[in-house]
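> quick one: sequence plus predicted model below, questions after.
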Amino acid sequence: MKQIEELSYVDTKPDTSGEIKRKFSDFKVDEYLSFDPTGCGDHLFIKIKKTGLTTVDVAKKISEVTGSKLSTIGYSGMKDKYGECTQWFSAPLSESVSRSLGSIENANLNVVKSLRNQRKLRIGSHRKNQFDITLRNCIGGRDKFETRLKLIQERGLPNYYGTQRFGKNMQNITAVSKLMAAETEAPSCANKRSFNKRNSIERGMLISAARAYLFNQVLSARLKMKNWTTYLPGDVLNLNGTDSYFLPGKDDQEDIVQQRLNLFDIHISGPLAGASCSKDKYITSAKAADIETKSLRSYETLLDGLRKLNISASRRPLRTKPENLKWSWIDETTLNIHFSLRKGCYATSLLREICLFN
């Protein structure tokens with residue numbers, strides 16, 4: 001099983017190093033929704049600042065103090081446990097909710113503000129995350145760090161899923177294989193009963209980990225082939241900043257498509273594996289499909305499991321470009337980096353292109 005460290009880099013593996021997350025405040029994340037809560041409605045949106053807690057930990061606390069079922073607590077995206085993260089949650093509105101919110105506050109959790117809204121907060125409802133990251137004990141020289149940062153400004157970065165998606169020692173990939181076996185084999189399977197008891201959040205996280213792992217393999221292959229930003233016949237393309245995908249028309253000239261790629265107007269996409277049907281419009285073909293097939297040849301068990309679980313196939317851009325990427329040196333070996341990434345993109349994927357971590 002490939003570790004994140006084994007995946008291809010844009011150029012070469014960094015020969016610089018540093019320390020990350022020595023303090024919670026070294027990794028700050030602020031979530032921005034794609035809309036403004038209306039101020040009225042049957043749900044309470046709660047902006048929370050957390051440290052040392054997972055998103056699910058906070059959702060459980062809100063569920064406990066408000067008396068709401070965990071399934072009714074909404075959030076848009078998962079945020080790091082080992083960081084200082086601000087994000088939105090929602091809970092069904094009742095007379096006791098606003099009154100009880102104060103009881104969840106402690107040294108690691110603060111309610112920043114709350115507003116009413118008509119609907120529950122859904123996964124993927126945020127527009128972007130803003131990061132403020134401090135790297136300490138940077139070794140290798142300022143010039144090397146800054147050269148890599150400038151290249152990211154110019155070329156963007158591989159849209160890899162980060163290590164947190166897979167769990168410690170890739171344990172989520174091991175767990176999802178067992179989950180697939182339990183849910184797709186005969187009812188006599190010894191583990192079936194225990195796996196059926198998994199809550200929907202955990203199950204969803206494991207399935208997402210499998211798709212993320214497979215996507216990373218395709219992206220790594222195209223990086224290795226130096227064509228992750230080069231249009232190939234059969235590529236499915238993504239319109240920058242959206243969830244829209246398309247196939248170039250017969251009359252679209254390849255040089256025009258490549259110009260749009262160079263301008264970051266569009267991006268090449270990779271597969272989020274699952275079950276496809278004859279009505280699917282956006283399926284790779286020709287050279288692009290050959291690369292995907294070859295890259296995933298060793299993972300037929302995961303591919304088959306996703307199909308049997310009837311997870312719908314979809315796409316993800318191979319590339320992302322950070323907004324407003326800036327950096328400054330606090331001292332000779334301490335580097336501070338500011339940037340924003342679109343939802344679903346990982347700061348750790350940017351950091352791995354800059355240096356290795358001690």
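That came in fine, so what should we check first? Numbers count the residues shown, from 1 in each chain.
> immediately after the worst-scoring helix or strand of the chain on mean pLDDT, which helix or strand?
Least confident element among the helices and strands of the chain, by mean pLDDT, DSSP states H and E: helix 192-196 (a mean of 49). Toward the C-terminal end, the helix or strand that comes next after helix 192-196 (DSSP states H and E) is helix 200-224.
> state the mean pLDDT of that following helix.
Averaging pLDDT along helix 200-224 yields 94.
> which stretches in the stretch 1-150 of the chain count as helices?
55-66, 95-100, 142-155 (DSSP state H, counting those that start in this stretch).
> likewise the stretch 151-300 of the chain?
So, for the stretch 151-300 of the chain - with DSSP H, counting those that start in this stretch - the helices run 171-184, 192-196, 200-224, 254-262, 286-295, 300-308.
> winner for burial among those?
helix 200-224 (a mean of 20; mean count of other C-beta atoms under 10 Å). For every residue, glycine as well, the C-beta is placed using N, CA and C.
> tell me how far that helix lies from the chain's centre.
Computed by C-alpha atoms, centre = their mean, to the nearest Å, the chain-centroid distance of helix 200-224 equals 10 Å.
> coming back round to it: of the helices of the stretch 1-150 of the chain, which is nearest Ser349?
helix 142-155 (10.3 Å; C-beta to C-beta).
> now the angle from that closest one to helix 254-262?
130 degrees (axes from the mean of the first three to the mean of the last three C-alpha atoms, to 10 degrees).
> just the CA trace of helix 142-155, in PDB.
This file holds the C-alpha atoms of helix 142-155, laid out as PDB (Å, rounded to 0.1, in the frame of the first residue of the first chain):
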ATOM      1  CA  ARG A 142      15.500  30.500   2.600                       C
ATOM      2  CA  ASP A 143      16.100  30.500  -1.100                       C
ATOM      3  CA  LYS A 144      15.000  26.900  -1.600                       C
ATOM      4  CA  PHE A 145      11.800  27.400   0.400                       C
ATOM      5  CA  GLU A 146      11.000  30.500  -1.500                       C
ATOM      6  CA  THR A 147      11.800  29.000  -4.900                       C
ATOM      7  CA  ARG A 148       9.300  26.300  -4.300                       C
ATOM      8  CA  LEU A 149       6.600  28.700  -3.000                       C
ATOM      9  CA  LYS A 150       7.100  30.900  -6.200                       C
ATOM     10  CA  LEU A 151       6.700  27.800  -8.400                       C
ATOM     11  CA  ILE A 152       3.400  27.000  -6.600                       C
ATOM     12  CA  GLN A 153       2.200  30.500  -7.400                       C
ATOM     13  CA  GLU A 154       3.000  30.000 -11.000                       C
ATOM     14  CA  ARG A 155       2.000  26.400 -11.600                       C
END
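> list of residues touching it?
10-11, 14-16, 138, 229, 322, 325, 327, 329, 335, 337, 350, 353-355 (C-beta atoms under 8 Å, 6 or more residues apart in numbering).
> now the helices of the stretch 1-150 of the chain as TSV including mean pLDDT and distance to Asn172?
What follows is the helices of the stretch 1-150 of the chain, written out as TSV (pLDDT from 0 to 100; distance: least, C-beta to C-beta, whole Å):
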stretch	mean pLDDT	distance to Asn172
helix 55-66	93	14
helix 95-100	76	33
helix 142-155	97	27
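> got a markdown table for the ones you listed, with mean neighbour count and distance to Glu183 too?
Below are the helices of the stretch 1-150 of the chain laid out as a markdown table (neighbours: other C-beta atoms under 10 Å; distance: least, C-beta to C-beta, whole Å):
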| stretch | mean neighbour count | distance to Glu183 |
| --- | --- | --- |
| helix 55-66 | 19 | 21 |
| helix 95-100 | 13 | 35 |
| helix 142-155 | 15 | 40 |
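> ok, now which ones touch Arg211?
272-274, 306, 311 are the contacts of Arg211 under C-beta under 8 Å, 6+ apart.
> got it, and Val236?
Contacts of Val236 were listed using C-beta under 8 Å, 6+ apart, and they are 245-247, 268-269, 282-284, 288, 315.
> between those residues, which is closest to Ala91?
Nearest to Ala91 out of the contacts of Val236 is Arg315 (C-beta to C-beta; 32.8 Å).
> the closest one reaches His267, doesn't it?
No. Taking contacts as C-beta atoms under 8 Å, Arg315 lies outside contact range of His267: 10.1 Å.
> need the overlap of contacts for these two.
Asn238.
> compare the two and say which is more crowded by neighbours.
A direct count of neighbours by other C-beta atoms under 10 Å for Arg315 and His267 places His267 higher, at 25 against 19.
> pLDDT wise, what is the residue nearest to the more buried one when sequence neighbours are not counted at?
Nearest non-adjacent residue to His267, counting by C-beta to C-beta, 6 or more residues apart in numbering: Pro317, 4.0 Å away. pLDDT for Pro317: 98.
> wait, isn't Pro317 in contact with Phe264?
No. The pair Pro317 / Phe264 is not scored as a contact, 10.4 Å apart, by C-beta under 8 Å.
> neighbour count winner among these two?
Pro317 (25 against 15).
> ok, what's across the strand from that one?
Under DSSP bridges, the beta-bridge partners of Pro317 are Ser269.
> in its sheet, what does the lengthiest strand in the chain sit against?
Longest strand in the chain, counting residues (DSSP state E): strand 126-139. If you go by DSSP bridges, strand 126-139 pairs up with strand 17-19 (antiparallel), strand 27-33 (antiparallel), strand 334-342 (antiparallel).
> export these as JSON lines, with columns for mean pLDDT and distance to His43.
Formatted as JSON lines, the strands paired with strand 126-139 follow (pLDDT from 0 to 100; distance: least, C-beta to C-beta, whole Å):
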{"stretch": "strand 17-19", "mean pLDDT": "97", "distance to His43": "40"}
{"stretch": "strand 27-33", "mean pLDDT": "97", "distance to His43": "13"}
{"stretch": "strand 334-342", "mean pLDDT": "98", "distance to His43": "25"}
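> no more questions from me, cheers.
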